[in-house]
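Trainee: model this:
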Amino acid sequence: MAQRREITGGGVRSGRIEASACLRGLLVPLLAAWLIAPYGCSRDVVVIEEEIHGFRLGERFKDFEGRVGRRIGLKRIAAPQSDPRELVYEARRTPDNAEHIERVRLAFHEDRLMEVILYERVTTVARLDALRAQLEERYNATATSPDGTREMAYKTYWISGPGMSITLRRITKKPATKLYIQYLHDELHERLKH
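Mentor: Got it, this is the predicted structure:
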């Protein structure tokens, strides 16, 4: 331990600097780093086992690109300025070539696939209802939705899946109605918000 000298009335007195004072100076930065770490890139992310037409939420970009990126016509697009997503892509098809999907939008956060949006070719109310029923059966869950007083030009359903949240939405607008399913990796989305 370091020695401390104090000058008193007529002489010099020696003492020891408390070890705790030295440790405090080191512990504060370590504690701050520990508290910040959950929101940084250092933690590992779970890759969700269930594939979505060949997409794996949580998959690293390089693994994704090597596995399916070239064969689906992947093209990087600009995210809106207010959108905090790091990388946003569009694709012409899904890895399993699902014919009912017109196009795909993908977003990556922390170098991992966070979001998959599948735009349907058929955008009718009947298709919306069929997709809702399929999702409820697949995830053994009941879709929830607003009561209708807030939604006029669109209809939204929410379903919880394993490690992900799912939004099914039909938007009636000109020149064309849109119908899509959004799959969002829960953990990555939570990190994006912080």
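
Trainee: isn't there a strand covering R191?
Mentor: No - inclusion of R191 in a strand is not indicated when DSSP: H, G, I helix; E, B strand; the rest coil is applied; the result is helix.

Trainee: surely it touches E110?
Mentor: Yes - A contact is recorded between R191 and E110 when judged using C-beta atoms under 8 Å, the distance being 6.6 Å. To be clear about C-beta, it is placed using only N, CA and C from the backbone, and glycine gets the same treatment.

Trainee: before we move on, which element is the closest residue in space to L87 that isn't next to it in sequence in?
Mentor: In this structure, L87 finds its nearest non-sequential neighbour in F108, 4.2 Å apart by C-beta to C-beta, 6 or more residues apart in numbering. When secondary structure is defined by DSSP states H and E, F108 falls within strand 101-109.

Trainee: return the very next helix or strand once past that strand as CSV; C-alpha atoms alone will do.
Mentor: In the C-terminal direction, the helix or strand that comes right after strand 101-109 (DSSP H and E) is strand 112-120. Once non-C-alpha atoms are left out, strand 112-120 reads as follows in CSV (Å, rounded to 0.1, in the frame of the first residue of the first chain):
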residue,chain,number,x,y,z
ARG,A,112,-28.0,-9.5,-37.3
LEU,A,113,-31.3,-10.0,-39.1
MET,A,114,-33.8,-8.2,-36.9
GLU,A,115,-36.9,-7.7,-39.2
VAL,A,116,-38.5,-9.5,-42.1
ILE,A,117,-41.4,-8.0,-43.9
LEU,A,118,-43.2,-10.1,-46.5
TYR,A,119,-45.5,-8.3,-48.9
GLU,A,120,-48.3,-10.4,-50.3
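
Trainee: by how many degrees do strand 112-120 and strand 101-109 diverge?
Mentor: 160 degrees (axes from the mean of the first three to the mean of the last three C-alpha atoms, to 10 degrees).

Trainee: which neighbouring elements make contact with strand 112-120?
Mentor: Taking 3 or more C-beta pairs under 8 Å, 6 or more residues apart in numbering; DSSP states H and E as the contact definition, the neighbouring helices and strands of strand 112-120 are helix 61-64, strand 101-109, strand 178-185, helix 186-193.

Trainee: and the contacts of the second one?
Mentor: Read that as strand 101-109. Taking contacts as C-beta atoms under 8 Å, 6 or more residues apart in numbering, the residues outside strand 101-109 that touch it are 53, 55, 61, 72, 74, 77, 79, 85-94, 113-121, 188-189, 191-192.

Trainee: buried subset of the residues you listed, written for PyMOL?
Mentor: If you want just the buried ones from the contacts of strand 101-109 in PyMOL, going by 16 or more other C-beta atoms under 10 Å, the selection is:
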select buried, resi 53+55+61+72+74+88+89+90+91+93+94+113+114+115+116+117+118+120+188+189+191+192
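
Trainee: and the strands in the protein?
Mentor: Residue ranges of the strands in the chain, as given by DSSP state E, are 3-8, 11-16, 75-77, 87-91, 101-109, 112-120, 154-161, 164-171, 178-185.
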